[in-house]
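Undergrad: fold the stuff below for me.
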Amino acid sequence: MKNSFLALLLTFSVAGLSAQGDSNWSLLPEEHSDTVISLIFAGDIMGHSQQYKAAYNADTEQYNYDVCFENVKPYIEDADFAVANLEAPVAGAPYSGYPNFSSPDALLDALKNAGYDVLLTANNHVADRGAQGVRRTIEQIQNRKFKYAGSYLDAAQKDSIYPLLLEKNDFKIALLNYTYGTNGIPVNKPLLVNTIDTDRIVSDLKKAEQLADFTVVCIHWGTEYELQANASQRKLAETMVANGADLIIGAHPHVVQNAELMINKDKVKIPVFYSVGNSISNQRKVNTNGGIMVSVKIGAKSGRILETTYLPVYVHRGTLNGVYQFHLIPTPDFIANPAKFKIAAADSAALTVFDRNTRERLEKFSVVSSQKIQLRIKN
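TA: Below is the predicted model:
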């Protein structure tokens with residue numbers, strides 16, 4: 001079952017692309033017997049008012065978001081560690097959408113039920129409800145046993161759990177998380193939110209190198225709605241790669257931006273996804289109505305990426321299988337079997353445009369070594 005789902009993912013190779021139609025390959029063929037550790041990264045989990053209104057059941061007077069993630073749950077559960085950017089504080093009632101978010105706690109329950117393990121909280125909306133919102137969001141995340149990174153109750157807590165370490169089979173992955181800012185809302189001590197500071201990031205990367213075998217940087221940066229990364233993003237990415245980042249996953253622009261392979265000091269190609277777009281939101285304009293889920297397989301023996309894939313995911317707003325809600329639809333699943341989803345013609349057209357635009361953007365892969373990297377659907 002798992003392989004049939006993963007077969008729909010779009011794949012690029014850091015070491016070289018196998019022939020079309022070959023569904024069994026890796027970036028490091030000599031490490032085919034390596035123990036594989038898999039991660040999946042989703043984009044922005046937003047909390048617009050239309051979302052929590054759709055999640056409300058007047059009969060039970062309860063909120064439930066489970067249906068939102070039903071179609072992507074198999075992909076999430078397939079990973080050893082699933083990571084999402086929580087850009088909707090759960091600061092308690094009264095609930096609110098843009099510009100100062102506070103979503104029902106049920107959103108966290110749905111993320112847990114979908115299979116997510118790690119939530120990122122360093123983003124520009126983390127302090128929308130002030131200190132109380134930062135604190136309560138952390139507490140609710142802790143209550144549900146999520147691992148998390150980005151915001152902290154105090155310096156002692158941060159020092160005890162940051163860098164965040166994910167471990168399987170004695171292989172340790174360090175996860176770092178930063179944001180460019182908090183929309184001008186101050187976060188005062190003892191609370192802490194990781195903000196972008198080059199010296200701090202370099203120091204954290206050095207610490208991560210001592211603690212872990214592999215380091216991921218998840219970073220909130222860039223310009224909203226711009227389809228290409230800007231010069232500042234690329235410069236910072238170069239700095240992070242030069243100082244030990246093995247993978248960079250970006251967010252904030254609310255669109256899928258271009259991706260790139262950078263070369264580190266050991267001549268290893270490092271994937272940089274500048275923005276993975278929205279996971280779920282009420283944004284409906286072209287390119288904002290979806291995102292990608294990035295799946296990464298790491299060899300525990302080699303400590304290197306064996307395979308990197310991405311899955312375009314469209315946000316459908318409407319009735320699906322008799323339930324009105326925001327539903328995530330993997331676009332390859334829809335294209336392979338549109339009758340299964342039974343969505344309106346306008347939604348089908350919007351999904352197709354999103355899928356095409358996303359693939360075209362990522363097919364224009366910019367590679368530091370000037371090698372041509374192509375993307376394809378695995379058979």
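
Undergrad: now do the SS call for Tyr310.
TA: Look at Tyr310: counting by DSSP: H, G, I helix; E, B strand; the rest coil, its state is strand.

Undergrad: please read the previous query as pertaining to Pro271.
TA: Per three-state DSSP, the local secondary structure of Pro271 is strand.

Undergrad: how far away is it from Glu209?
TA: Here the criterion is C-beta to C-beta, to the nearest Å. By it, Pro271 lies 18 Å from Glu209. Using the backbone N, CA and C atoms, a C-beta is placed for each residue, glycine as well.

Undergrad: who's more crowded, the two?
TA: Ranked by neighbour count (other C-beta atoms under 10 Å), Pro271 and Glu209 place Pro271 first, with 22 against 17.

Undergrad: hmm, the more buried one is touching Ile305, no?
TA: Yes. Using C-beta atoms under 8 Å, Pro271 is in contact with Ile305, at 6.9 Å.

Undergrad: and Ser281, how many neighbours does it have?
TA: Ser281, neighbours per other C-beta under 10 Å, totals 27.

Undergrad: same deal with Asn143?
TA: Asn143 is flanked by 10 other residues according to other C-beta under 10 Å.

Undergrad: any idea how far it lies from Tyr95?
TA: 18 Å.

Undergrad: now do Ala339
TA: Between Ala339 and Tyr95 the computed distance is 36 Å (C-beta to C-beta).

Undergrad: strands of the stretch 151-300 of the chain, start to end?
TA: Secondary structure of the stretch 151-300 of the chain (DSSP state E, counting those that start in this stretch): strands located at 151-152, 164-168, 171-179, 192-193, 214-220, 247-251, 259-263, 269-273, 278-280, 290-299.

Undergrad: so of the ones you listed, which one's packed in deepest?
TA: strand 278-280 (a mean of 29; mean count of other C-beta atoms under 10 Å).

Undergrad: hang on, the earlier thing: need the strands of the stretch 151-300 of the chain in CSV with mean pLDDT and distance to Ile40, can you?
TA: Formatted as CSV, those follow (pLDDT from 0 to 100; distance: least, C-beta to C-beta, whole Å):
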stretch, mean pLDDT, distance to Ile40
strand 151-152, 98, 22
strand 164-168, 97, 12
strand 171-179, 98, 13
strand 192-193, 98, 25
strand 214-220, 98, 12
strand 247-251, 98, 10
strand 259-263, 93, 16
strand 269-273, 95, 12
strand 278-280, 97, 11
strand 290-299, 96, 5
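
Undergrad: got a list of what Lys145 touches?
TA: For Lys145, the contacting residues are Lys112, by C-beta atoms under 8 Å, 6 or more residues apart in numbering.

Undergrad: looks to me like it is in a strand.
TA: No. Using three-state DSSP, the assignment for Lys145 is coil, not a strand.

Undergrad: figure out which of the strands of the stretch 151-300 of the chain is closest to Ile185.
TA: Closest to Ile185 of those is strand 192-193 (C-beta to C-beta; 9.9 Å).

Undergrad: list of residues touching the closest one?
TA: Outside strand 192-193, the residues within contact range by C-beta under 8 Å, 6+ apart are 121-122, 126-127, 134, 150-152, 154-155, 158, 179, 182, 187.

Undergrad: just name the closest of the residues you listed to Pro74, please.
TA: Nearest member of those to Pro74, counting by C-beta to C-beta, is Thr121, at 25.9 Å.

Undergrad: assess the claim that that closest one and Arg135 are in contact.
TA: No. Applying C-beta under 8 Å, one finds Thr121 not in contact with Arg135, separated by 11.5 Å.

Undergrad: more neighbours, the two?
TA: Ranked by neighbour count (other C-beta under 10 Å), Thr121 and Arg135 place Thr121 first, with 24 against 16.

Undergrad: sorry, back to before: put the buried members of the contacts of strand 192-193 into a PyMOL selection.
TA: Those of the contacts of strand 192-193 that count as buried under 16 or more other C-beta atoms under 10 Å are selected in PyMOL with:
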select buried, resi 121+122+126+127+134+150+151+152+158+179+182+187
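
Undergrad: and the contacts of strand 192-193, which is closest to Lys172?
TA: Nearest to Lys172 among these, with distances taken as C-beta to C-beta, is Lys158, at 18.4 Å.

Undergrad: sketch out the low-pLDDT regions of the chain for me.
TA: 1-33, 364-379 (pLDDT under 70).

Undergrad: in it, which spans are helices?
TA: Using DSSP state H, the helices of the chain run over 2-6, 49-54, 73-78, 106-114, 130-143, 155-161, 198-211, 231-242, 331-336, 345-363.

Undergrad: list the contacts of the fifth one.
TA: Helix 130-143 has contacts (C-beta under 8 Å, 6+ apart) with 86, 89-92, 102, 105, 108, 119, 121, 126-127, 129, 148, 151-153, 185, 187-188, 191, 193.

Undergrad: between it and helix 106-114, how many degrees?
TA: 30 degrees (axes from the mean of the first three to the mean of the last three C-alpha atoms, to 10 degrees).

Undergrad: brilliant, that's me finished.
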